[in-house]
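Colleague: sequence-free structure coming up:
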């Protein structure tokens, strides 16, 4: 009798068309990588956005169920965020002892978060942000269309926006990257955790990785236009930089650069610093033309301030950085923002080892 009842139940299930729950099909991770450091910018001409440029720096974490989340820092040009001192770089030699400046919010954890979904296809990744960090639906989904590039060796992968790579000079801003105001982006992923334990110390950057040459692309909005330039220091590894006693920063005097000040035309050197920052993967990078400091010991008025996240491959090795520049223009006398948006620099950039670069501006 029990067997008969069982067959009757099975017959009813089949008659009613009841099916077992579908088993989710895993989504292919972009390039097989889960953890990414990503730089995104809403950079455009002043005629289009009236200097309402913005940058976003953080990580994308992809899951096999087709979901993705990002934690990020973001800066808006119209807010005129100010520089703060992080640490004093006492590197000695011909490098001035000066504070390394950064954005205050970059010295703490990320302040923003999105949740969303993604789809991969041949050489493409589409990311759609649908919720904020609390799980509340965004007023409108935000979609990004990335190109996915394999990297030799397979220990890291790259995503980039249309128009990020290309020749040096003025850039025609593409409209294909997103359905919102994001126009440029660059990112690198691996399966190394994003925790602080998977980060190269500044000492290791100078010693273990000191002979590597980190170059890349710098897409910047300034003077009302968008430009593409090379990033990094050609033919100069970090082994040539001077170390601070703490081991948390390095500095260098770059000789005979393109610096050109009308008041002190013979001073051509550029001063550069890199420093550690507390959260995972963070580094601070600043530089300025020596001629701008006039007779002062240091230059704090309109130095270039860049926030960087380290690219760590599957073997836990440093391969470079993605970053953003957020250099508000200030009055040289008061050091206060002066709403001179044209002379500010808002940028998206990478500085990486050769295999990771893509076509270089030249």
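Modeller: Arrived safely. The structure presented is a predicted model; accordingly, all values stated were derived computationally and were not measured.
Colleague: Name the nearest residue to residue 66, ignoring sequence neighbours.
Modeller: residue 27 (4.1 Å; CB to CB, 6 or more residues apart in numbering). Glycine gets a C-beta too; all of them are placed from N, C-alpha and C.
Colleague: my guess is that neighbour meets residue 34, correct?
Modeller: No - when contacts are counted by CB atoms under 8 Å, residue 27 is not listed as touching residue 34 (11.4 Å).
Colleague: Was I right to think residue 235 contacts residue 214?
Modeller: No - in this structure, residue 235 is not within contact of residue 214 by CB under 8 Å, at 11.5 Å.
Colleague: which of the two has more neighbours?
Modeller: residue 214 (25 against 7; other CB atoms under 10 Å).
Colleague: Now the closest residue to the more buried one other than its chain neighbours: which helix or strand?
Modeller: Spatial nearest neighbour of residue 214, chain neighbours left out: residue 351 (4.2 Å); criterion: CB to CB, 6+ apart. Using DSSP states H and E, residue 351 sits within strand 345-352.
Colleague: in what helix or strand does residue 321 lie?
Modeller: strand 318-327.
Colleague: show me what contacts residue 290?
Modeller: Residues in contact with residue 290 (CB atoms under 8 Å, 6 or more residues apart in numbering) are 253, 259, 267-271, 299.
Colleague: which among those residues end up buried?
Modeller: 253, 259, 267-268, 270-271, 299 (16 or more other CB atoms under 10 Å).
Colleague: Lowest-confidence one in those residues?
Modeller: The member of these with the lowest pLDDT is residue 267, at 79.
Colleague: Strands - which of the contacts of residue 290 land there?
Modeller: Applying DSSP state E to those, the entries found in strands are 253, 270-271.
Colleague: per-residue pLDDT, residue 235?
Modeller: Confidence at residue 235, expressed as pLDDT, is 72.
Colleague: Check residue 3 too.
Modeller: 41.
Colleague: for the one 10 residues further on, same thing?
Modeller: As predicted, residue 13 sits at a pLDDT of 37.
Colleague: Return the distance of residue 324 relative to residue 263.
Modeller: Remark: distance between residue 324 and residue 263 (CB to CB, to the nearest Å) = 30 Å.
Colleague: okay, those two: which has more neighbours?
Modeller: Using other CB under 10 Å as the criterion, residue 324 and residue 263 rank with residue 324 on top: 25 against 8.
Colleague: any idea how far residue 135 is from that one?
Modeller: 27 Å.
Colleague: for residue 318, same thing?
Modeller: 34 Å.
Colleague: okay, the two: which has more neighbours?
Modeller: When residue 318 and residue 135 are compared for neighbours, residue 318 comes out ahead with 20 against 9, by other CB under 10 Å.
Colleague: wouldn't residue 152 be in contact with residue 356 here?
Modeller: No - look at residue 152 against residue 356 with CB under 8 Å: they stay out of range, at 9.3 Å.
Colleague: okay, those two: which has more neighbours?
Modeller: residue 356 (22 against 9).
Colleague: Just list the residues touching the more buried one, thanks.
Modeller: Here residue 356 is in contact with 151, 156, 158, 188, 311, 319-320, 350 (CB under 8 Å, 6+ apart).
Colleague: Repeat the analysis, applying 10 Å as the threshold.
Modeller: 149, 151-152, 156-158, 188, 214-216, 311, 313, 319-320, 350 (CB atoms under 10 Å, 6 or more residues apart in numbering).
Colleague: ok so, going back, paired strands for the strand holding residue 321, with orientation please.
Modeller: Paired neighbours of strand 318-327 in the sheet (DSSP bridges): strand 304-312 (antiparallel), strand 345-352 (antiparallel).
Colleague: tell me the phi and psi of the closest residue to residue 175 other than its chain neighbours?
Modeller: Take residue 175 and drop its neighbours on the chain: the residue closest to it by CB to CB, 6+ apart is residue 183, 7.8 Å away. Per-residue torsions, residue 183: phi -120, psi -30 (degrees, to the nearest 10).
Colleague: cool, residue 138 as well?
Modeller: Here is the backbone geometry of residue 138 (degrees, to the nearest 10): phi -70, psi 150.
Colleague: Near it, how many other residues are there?
Modeller: Other residues lying near residue 138 total 14 when counted by other CB under 10 Å.
Colleague: who touches it in this structure?
Modeller: Contacts for residue 138 (CB under 10 Å, 6+ apart) come out as 114-116, 128-132.
Colleague: Can you get me the start-to-end distance on stretch 345-359?
Modeller: One end of stretch 345-359 sits 23 Å from the other (CA to CA, to the nearest Å).
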